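Asks: sequence unknown, structure follows:
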């Protein structure tokens, strides 16, 4: 797939990169919005803390499985 991407013209690579970036940002915006609605909606500090801790646990566990 990367070889196909590198064969595109420079202007087409820029457009593809921008579309991918918009897709990633939109996904994370939606994920954060769902967490705001469903993960302790009445207590934002607790929701943020749980989300941060859960994210750190996922990072640590995935790091150990990748090694």
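Replies: That came through, no problem. From a predicted model like this one, the values you see are computed outputs, not experimental measurements.
Asks: quick one, longest helix in the chain?
Replies: Secondary structure of the chain per DSSP state H: the longest helix is helix 10-38.
Asks: Just give me the neighbour total for residue 48.
Replies: 14 (other CB atoms under 10 Å). No exception for glycine: its C-beta is placed from N, CA and C like everyone else's.
Asks: So it, which state does it fall into?
Replies: helix (DSSP: H, G, I helix; E, B strand; the rest coil).
Asks: any idea how far it lies from residue 62?
Replies: Going from residue 48 to residue 62 by CB to CB, to the nearest Å gives 21 Å.
Asks: just residue 11 next, same as before
Replies: As judged by CB to CB, residue 11 and residue 62 stand 36 Å apart.
Asks: got any ranges where this structure has weak pLDDT?
Replies: 1-2, 5-6, 66-67 (pLDDT under 70).
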